[in-house]
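S.K.: predicted structure and sequence below. I'll ask about it afterward.
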Amino acid sequence: VEQGELRFRQMFCSTCHSLAVTRAGETKLIGGDIGPELTKVGSKVNQDWLAAWLRNPQAYLPHSQMPRYEWSDEDLFKVTHYITTTLNDPDLLSDVPKLGAPQSEEIQLGRRLFLEKGCASCHVIRDVSPQKDFGPDLSSLGGKNVSQLEFGQARIPRNLIAYLQVKITDPLSVNPAARMPQYQLKPEDLDAITTALLSMTGTSSASGMARLIVPRAQATFHPAGAFGAVYERYQCSVCHRFNGFGGDLAPDLSYEGSRAQRKWLIAFLKNPQTLRPTLTLRMPQFNMTDQEASLLADYIGMVFQSPEVIPAAGSGEKEFTPHLASVGKQLYEVKYQCQSCHTIGSAGGYVGPNLSNVGNWMTTSWIEAWLKNPQALVPGTIEPRRTFTDGEVKALTAYLLTLRESGRVKPRARGAAVQGGGR
């Protein structure tokens, strides 16, 4: 169990999933909200199903956003054993009667009820085709006259609000043949849903104006080829944005090819390290192969380039002499006091990323372009735009390029404990 917990933490499952943690008598959810909460998931699933899911989520649910990790059989056993034995609630099913082996008649009855009660309108099971257009069109429900409503035997005021609320909380009272589930909602949630339904009044009387509106094109990025296969396997766009498409949990990678050095990027993909220690979320360790990491790095370096960063315009590193780096160090520490926001080693602030390994991480051209105008590369960044002279840009770049940590490019030991924040 301990080894399974270690791997669970090393894979940073809490980047996407939350867990309930009790501290000083107060329980809070810690972690991400991309995936479901896992606090009691061990009481819901069995170990064999969980192992199959972790090995290939899309084989069970094709549209799942969960990445397909490179799990070993040993890792799968350890992690699933930890989840099913630790992340559970022994009392959750205590009041559920123990059932014997199902009889064929019971199976057939269950199948019939599954269809009759409308379960197939939302859920899919083997050999049962999903039902389409199961419920009525609600797009103009809020604009209906009371005379258009069917109240049945319900003893409620004859108005639209009362009709909507009883349809939600007790649909059988309005229509005994209804297949809609009976929801148990808080009063504020019921009011919110009712308000939303009342707003659905159908097509506007000024529908002719709709032809004058040009809808904004939705960004999309679905690359083909070998890169596309790896990109889809690890569901990169769930957290990262690519040319306007994707999530915002992690950095936008649209210009990553201009920013990151290839060698650093390969090492990071195989063994993600925290660049912002104060964050509680970070990129999981996918156990990528060397071939996959190289493929991603090569594609990123070739495709995701910023027009503001021109490699040919970057200064040659031969110009960055030790004397120039010394001048840059003085500018960094004394004149501009960059350590107020950035950390080098164990000293500095935590507002910006850690720069201890920036010489291995960022390209020369990116550093120079960033110092001149950070907002041109990342609009909205809180990095201040200084009025550096060209000489100061060269000196600061020379100093930053000297900041290298040789140990950071080595793969982490499989059994090592992992802590830290996110990129």
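M.R.: Ah, there it is. Just so it is clear, the model here is predicted, and its values are computed rather than measured.
S.K.: is it correct that Arg262 is in contact with Asp298?
M.R.: Yes. Between Arg262 and Asp298 there is a contact under C-beta atoms under 8 Å: 7.3 Å. (C-beta placed from N, C-alpha, C; glycine too.)
S.K.: moving C-terminal of the strand or helix carrying Ala369, what's the next helix or strand?
M.R.: Secondary structure from DSSP states H and E places Ala369 in helix 364-372. Heading C-terminal from helix 364-372, the first helix or strand you meet, by DSSP H and E, is helix 374-377.
S.K.: what is that next one packed up against?
M.R.: helix 364-372 (3 or more C-beta pairs under 8 Å, 6 or more residues apart in numbering; DSSP states H and E).
S.K.: so how far is the helix it packs on from its chain's centroid?
M.R.: 29 Å (C-alpha atoms, centre = their mean, to the nearest Å).
S.K.: contacts for that helix?
M.R.: 258-259, 306, 308-311, 313-315, 317, 358, 362, 376-377, 383, 386, 388, 393-394, 396-397, 400-401 (C-beta atoms under 8 Å, 6 or more residues apart in numbering).
S.K.: which of those residues are buried? Put it as a ChimeraX command.
M.R.: Selection of buried members from the contacts of helix 364-372 for ChimeraX, criterion 16 or more other C-beta atoms under 10 Å:
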select :258,259,306,309,314,315,358,362,377,383,386,388,393,394,396,397,400,401
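S.K.: so which of the contacts of helix 364-372 sit within helices?
M.R.: Ser258, Arg259, Val358, Ala376, Leu377, Val393, Lys394, Leu396, Thr397, Leu400 (DSSP state H).
S.K.: adding distance to Ile344, write those out as TSV.
M.R.: Formatted as TSV, the ones in helices among the contacts of helix 364-372 follow (distance: C-beta to C-beta, whole Å):
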residue	distance to Ile344
Ser258	23
Arg259	19
Val358	9
Ala376	25
Leu377	21
Val393	19
Lys394	19
Leu396	13
Thr397	15
Leu400	10
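S.K.: and of these, the nearest to Ser406?
M.R.: Nearest to Ser406 among the ones in helices among the contacts of helix 364-372: Val358, at 13.9 Å, using C-beta to C-beta.
S.K.: now do the same contact list for the closest one.
M.R.: Contacts of Val358 by C-beta under 8 Å, 6+ apart are Ile367, Leu400, Leu401, Leu403.
S.K.: tell me the spacing between it and Val174.
M.R.: 65 Å (C-beta to C-beta, to the nearest Å).
S.K.: grab the nearest non-local neighbour of Leu138.
M.R.: Met200 (5.8 Å; C-beta to C-beta, 6 or more residues apart in numbering).
S.K.: what secondary structure does Ala217 sit in?
M.R.: When classified by DSSP: H, G, I helix; E, B strand; the rest coil, Ala217 comes out as coil.
S.K.: can you get me a residue count around it?
M.R.: Counted with other C-beta atoms under 10 Å, the neighbours of Ala217 add up to 7.
S.K.: then the one 10 residues further on?
M.R.: By other C-beta under 10 Å, the residues close to Phe227 number 18.
S.K.: what does the one 10 residues further on give?
M.R.: Each residue near Ser237 was counted by other C-beta under 10 Å, and the total is 18.
S.K.: quick one: pLDDT of it?
M.R.: In this model, Ser237 is scored at 94, pLDDT.
S.K.: leaving out sequence neighbours, find the closest residue to it.
M.R.: Gly246 (3.7 Å).
S.K.: and the residue nearest the centre of the chain?
M.R.: Cys239 (4.1 Å; C-alpha atoms, centre = their mean).
S.K.: ok, that residue - contacts?
M.R.: Thr15, Ile34, Gly246, Gly247, Leu249, Ala250, Met283.
S.K.: hmm, back to that, which of the ones in helices among the contacts of helix 364-372 lies closest to Val79?
M.R.: Nearest to Val79 among the ones in helices among the contacts of helix 364-372, with distances taken as C-beta to C-beta, is Arg259, at 33.1 Å.
S.K.: the domain parsing of the protein - what is it?
M.R.: 2-86, 141-198, 252-409 (automatic domain parsing).
S.K.: can you tell me which residues contact Ser254?
M.R.: Arg241, Phe242, Asn243, Gly244, Phe304, Ser306.
S.K.: secondary structure element for it, which one?
M.R.: Using DSSP H and E, no helix or strand contains Ser254.
S.K.: also Phe77?
M.R.: Using DSSP H and E, Phe77 falls in helix 73-86.
S.K.: how about residues contacting that helix?
M.R.: 1, 3-5, 7-8, 11, 38, 41-42, 45-47, 50-51, 54-55, 71.
S.K.: can you map out the helices along the stretch 151-300 of the chain?
M.R.: 160-169, 171-174, 187-198, 225-233, 256-259, 262-270, 290-303 (DSSP state H, counting those that start in this stretch).
S.K.: could you do the stretch 1-150 of the chain as well?
M.R.: 2-10, 47-55, 57-60, 73-86, 104-116.
S.K.: out of those helices, which is closest to Asp191?
M.R.: helix 104-116 (31.2 Å).
S.K.: pull out the buried positions in stretch 60-67.
M.R.: Buried residues in stretch 60-67 (16+ other C-beta under 10 Å): Ser64, Met66, Pro67.
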